[in-house]
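Novice: got a structure for you, letters missing:
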């Protein structure tokens, strides 16, 4: 089955700096890669996703890049703000089966220092 | 649209009991998936339902089961509870069975504590 590794497990940055979180996956058939943000006491919230036919996707301060050959994808947050502090999860799945089993990374706790 | 709702939000049970958790997907969403979140194992896929049929199942014992109703609402049941079943149980819904509609939207979860 799929295995997703996520690094780092914790990340502390100063407000205004950039943050980068990296994930690698094992199943070359995986073609859908979402990123979720989870705040304390809440469920994961989708912040951005990318499909394998796209190399990069941006949404305001958030961007995701995908390298299919190396089987890794990254989340980039620019101009970080204190409200970006949360746990971030990457995930991977394959859509050819029509099934929706996401395999998650272990999470990155991001702390943005004001 | 209202988001995914889960009830109850918190639950305390004792070992050996059983529990039923409920999930109402986003209106129009027909696929419902369940995940277990623990500090040690992270987020793990339990099962997925579409059109009242279980389409996929994760690596969990048979004590974990679920069902989906004709209105897409779903329930999951855990029988003979063990201490290790203490976790946040998350429900996620997505709109279509096939194609590019893969996005899953999560509810707030039900936090289960087994004593």
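Specialist: Received it, and whenever you're ready, just let me know what you need. Quick caveat, the model's predicted, so the values are computed rather than measured.
Novice: contacts only, for residue 2.
Specialist: No chain specified, so I'll use chain A. Residues near residue A:2 by CB atoms under 8 Å, 6 or more residues apart in numbering or on different chains: A:25-27, A:30, A:92-94, A:103. (Glycine included, C-beta is placed from N, CA and C.)
Novice: I was thinking of chain B, sorry if that wasn't clear
Specialist: Here residue B:2 is in contact with B:26-27 (criterion: CB under 8 Å, 6+ apart).
Novice: returning to that earlier point: highest neighbour count among the contacts of residue A:2?
Specialist: residue A:92 (26 neighbours; other CB atoms under 10 Å in any protein chain shown).
Novice: would you agree residue A:79 is in contact with residue A:60?
Specialist: No - when contacts are counted by CB atoms under 8 Å, residue A:79 is not listed as touching residue A:60 (9.4 Å).
Novice: on that earlier part again, Serialize the contacts of residue A:2 to a markdown table and add fields for secondary structure.
Specialist: Listed next are the contacts of residue A:2 as a markdown table, based on DSSP: H, G, I helix; E, B strand; the rest coil:
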| residue | secondary structure |
| --- | --- |
| A:25 | strand |
| A:26 | coil |
| A:27 | coil |
| A:30 | coil |
| A:92 | strand |
| A:93 | strand |
| A:94 | coil |
| A:103 | strand |
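Novice: checking the spatially most central residue of chain B next. Helix, strand or coil?
Specialist: Centrality entry for chain B: nearest residue to the mean C-alpha point is residue B:34, 3.0 Å, by CA atoms, centre = their mean. Applying three-state DSSP to residue B:34 yields a three-state assignment of strand.
Novice: now it: closest residue in space that isn't a chain neighbour?
Specialist: Spatial nearest neighbour of residue B:34, chain neighbours left out: residue B:46 (4.1 Å); criterion: CB to CB, 6 or more residues apart in numbering or on different chains.
Novice: which positions in chain B make contact with chain A?
Specialist: Within chain B, the positions near chain A by CB under 8 Å from any CB of the partner chain are B:4, B:31, B:33, B:35, B:42-45, B:48, B:55-56, B:58, B:90, B:92, B:94, B:97-98, B:100, B:102-109.
Novice: mind giving me the ChimeraX command for buried ones among those residues?
Specialist: Buried subset of the residues of chain B next to chain A, written as a ChimeraX selection, criterion 16 or more other CB atoms under 10 Å in any protein chain shown:
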select /B:4,31,33,35,42,43,44,45,48,55,56,58,90,92,94,102,103,104,105,106,107,108,109
